[in-house]
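Asker: need a 3D model of the following:
(one chain, ligands or ions: 2)
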Amino acid sequence: MSTLIEHDQMNNQRLLPRIALIACGSFSPPTPMHFRMFEIAKDFFKTQGTHHVVGGIVSPTHDSYQKKGLVAGTHRFAMLKLALQSSTWIKTSDWEIQQAEWTRTLSVLQYHQNYMNNYINSPLEGDMNGTLPGWMPPGLRERQDGVQLKLLCGADLLESFAVPGLWADKDIEDIVGNHGLVVISRYGANPEKFIFESDLLTKYQKNITLITNWVPNEVSSTMIRRLISRGQSVKYLLDDRVIDYIQMQGLFNCKTFTLDNRKPTSMNVFCCGENESIASAKKLLPSRNGPGQVIQVVTSEKGTKVTTELQRIGSASDESDAKKKKTDAVNV
Ligand SMILES: Nc1ncnc2c1ncn2[C@@H]1O[C@H](COP(=O)(O)OP(=O)(O)OP(=O)(O)O)[C@@H](O)[C@H]1O
Ligand SMILES: O=C(O)c1ccc[n+]([C@@H]2O[C@H](COP(=O)([O-])O)[C@@H](O)[C@H]2O)c1
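Answerer: Residues are numbered from 1 along each chain as shown. Ligands and ions are numbered 1, 2, ... in the order given. Here you go, the predicted model:
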């Protein structure tokens, strides 16, 4: 059986429905596991023979998401582009980071879905002036049927649906009801139980694809940031091109190298929620209602140096249990 055609019980050929996958997240920095999710999902659908995966899209969130450790969108986009140079089918979309403010995931799905629909349904309009965005899967007009865009995520993101006030119920219903979810297992998360305990998710269970990652790897952006800020090696945990970029740009408080003599110099670079000035942190305080936003500023003196710590407290910015377990595992 080819990846495009399935045979029914009468051995009639039927074209497999086409799907594209989009992963939303911080990607600060992007790790190989962010991209493994795509490969694992594509293999799954190929093995099941139920869908043809036409493309993968990575959509980094807007800077105003303000999660701890979030470097500027331009850096995250650049790192994603470097890391994805070796992929033939996973592309990055900069649409979210180009917006004026943080965009909810449902709107991100709708934007990319509508763009693909318009392209497939208006073949007479050419290639939209030859300027198709880089994230568009190739060959969409080879067939006339639509492409369903599904949200691809790790099981911890699924479990974040239960964080009070974080996601809107109607958005969750729209995402699982109209788009579909593809969930990759992750240490510390129990997506089967999580779905069972939610009436809403149980109702749309047929639109949720749970995939076991049999070769788990608990690398996370948090752990990478921690190692880098301690001056420890992240080689073989990140793409070499991403490591070079981090060093050259001095991201995540890494010990970077000057271009001329390649001697390490300590360089503090702005990272949202990590090194922001007190003044700009205070500026953020009044407008608290989105996830990941700063709601408390704690300043402490270490010798003569004043450090500013932006704490995320309250249910809307709590990490999911899975993420907590993941982080706890590192803290031991
Ligand atoms: N090791 C992993 N296994 C499975 N899914 C993962 C893994 N790492 C990240 N993901 C998924 O990738 C997506 C983007 O996640 P995100 O940018 O938050 O990565 P992260 O490494 O968990 O970041 P952070 O440590 O900063 O929270 C999410 O859906 C998340 O569940
Ligand atoms: O749409 C929402 O309501 C919503 C609520 C919380 C988080 N998200 C998105 O989910 C992603 C979570 O990323 P992260 O790094 O916090 O795991 C990121 O892309 C956010 O924009 C989206």
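Asker: any chance you could list what contacts stretch 191-198?
Answerer: Contacts to stretch 191-198, defined as CB atoms under 8 Å, 6 or more residues apart in numbering, come from residues A155, L158, E159, F161, A162, V183, S185, L201, T202, Q205, I208, L210. Heads up, the C-betas are built off the backbone N, CA and C, glycines and all.
Asker: so which of the residues you listed belong to helices?
Answerer: Mapping these onto helices (DSSP state H) picks out A155, L158, E159, L201, T202.
Asker: distance check, the residue lying closest to the fourth one once chain neighbours are set aside against S221.
Answerer: Ranked by CB to CB, 6 or more residues apart in numbering and with sequence neighbours excluded, the top spatial neighbour of L201 is I195, at 4.4 Å. Distance of I195 to S221, computed by CB to CB, to the nearest Å: 26 Å.
Asker: circling back: are any of the ones in helices among the contacts of stretch 191-198 buried, and which?
Answerer: A155, L158, E159, L201 (16 or more other CB atoms under 10 Å).
Asker: hang on, the earlier thing: what comes up buried for the helix or strand where the residue nearest to L201 lies?
Answerer: Using DSSP states H and E, I195 falls within helix 191-196. Residues of helix 191-196 classed as buried: P191, F194, I195 (neighbour count, 16+ other CB under 10 Å).
Asker: how close does the second one get to T222?
Answerer: Look at F194 and T222: by CB to CB, they are 21 Å apart.
Asker: what's the pLDDT at V332?
Answerer: V332 is assigned a pLDDT of 25 by the prediction.
Asker: from here on, call the first residue 25.
Answerer: In the new count, where the first residue is 25, that last one comes out as V356.
Asker: same list (the buried residues of helix 215-220) but as a markdown table, adding pLDDT and distance to T129.
Answerer: Putting the buried residues of helix 215-220 into a markdown table (pLDDT from 0 to 100; distance: CB to CB, whole Å) gives the following:
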| residue | pLDDT | distance to T129 |
| --- | --- | --- |
| P215 | 97 | 17 |
| F218 | 97 | 17 |
| I219 | 98 | 18 |
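Asker: between these, which is closest to G79?
Answerer: Taking CB to CB as the measure, G79 lies nearest P215 of the buried residues of helix 215-220, at 24.3 Å.
Asker: measure the closest one to I248 for me?
Answerer: 24 Å.
Asker: which residues of the stretch 125-274 of the chain fall in strands?
Answerer: 171-178, 205-208, 232-235 (DSSP state E, counting those that start in this stretch).
Asker: now do the first one: everything it contacts.
Answerer: Outside strand 171-178, the residues within contact range by CB under 8 Å, 6+ apart are 41-49, 57, 61-62, 65, 78, 80-81, 129, 133, 136-137, 140, 144, 161, 164, 199, 203-210, 213, 233.
Asker: now A44: which helix or strand?
Answerer: With DSSP H and E as the criterion, A44 is inside strand 42-49.
Asker: tell me if whichever helix or strand comes after that strand is near ligand 1.
Answerer: Using DSSP H and E, the helix or strand that directly follows strand 42-49 along the chain is helix 56-72. Yes - using CB under 6 Å from any ligand atom, helix 56-72 reaches ligand 1 at M57, H58, M61.
Asker: what of stretch 248-264?
Answerer: No - Stretch 248-264 stays out of contact with ligand 1 when judged by CB under 6 Å from any ligand atom, the minimum separation being 7.2 Å.
Asker: may I have that stretch as PDB, with CA atoms only?
Answerer: Output of stretch 248-264 as PDB, limited to C-alpha atoms (Å, rounded to 0.1, in the frame of the first residue of the first chain):
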ATOM      1  CA  ILE A 248      18.900  23.400  27.900                       C
ATOM      2  CA  ARG A 249      18.600  26.900  29.200                       C
ATOM      3  CA  ARG A 250      19.800  25.700  32.600                       C
ATOM      4  CA  LEU A 251      22.800  24.000  31.300                       C
ATOM      5  CA  ILE A 252      23.800  26.900  29.100                       C
ATOM      6  CA  SER A 253      23.400  29.500  31.800                       C
ATOM      7  CA  ARG A 254      25.700  27.300  34.000                       C
ATOM      8  CA  GLY A 255      28.300  27.200  31.200                       C
ATOM      9  CA  GLN A 256      27.800  23.500  30.700                       C
ATOM     10  CA  SER A 257      27.800  21.700  27.400                       C
ATOM     11  CA  VAL A 258      24.700  21.100  25.400                       C
ATOM     12  CA  LYS A 259      26.400  19.400  22.500                       C
ATOM     13  CA  TYR A 260      24.400  16.400  21.200                       C
ATOM     14  CA  LEU A 261      21.300  17.800  22.900                       C
ATOM     15  CA  LEU A 262      20.800  20.600  20.300                       C
ATOM     16  CA  ASP A 263      21.500  21.000  16.600                       C
ATOM     17  CA  ASP A 264      25.100  22.300  16.200                       C
END
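Asker: how about it: buried residues?
Answerer: Those would be I248, R249, R250, L251, I252, S253, V258, L261, L262, D263, for stretch 248-264 by 16+ other CB under 10 Å.
Asker: and the last one, how far is that from L176?
Answerer: Look at D263 and L176: by CB to CB, they are 19 Å apart.
Asker: what are the ranges of the helices in the stretch 175-324 of the chain?
Answerer: 179-183, 193-198, 215-220, 223-227, 245-253, 264-273, 302-308 (DSSP state H, counting those that start in this stretch).
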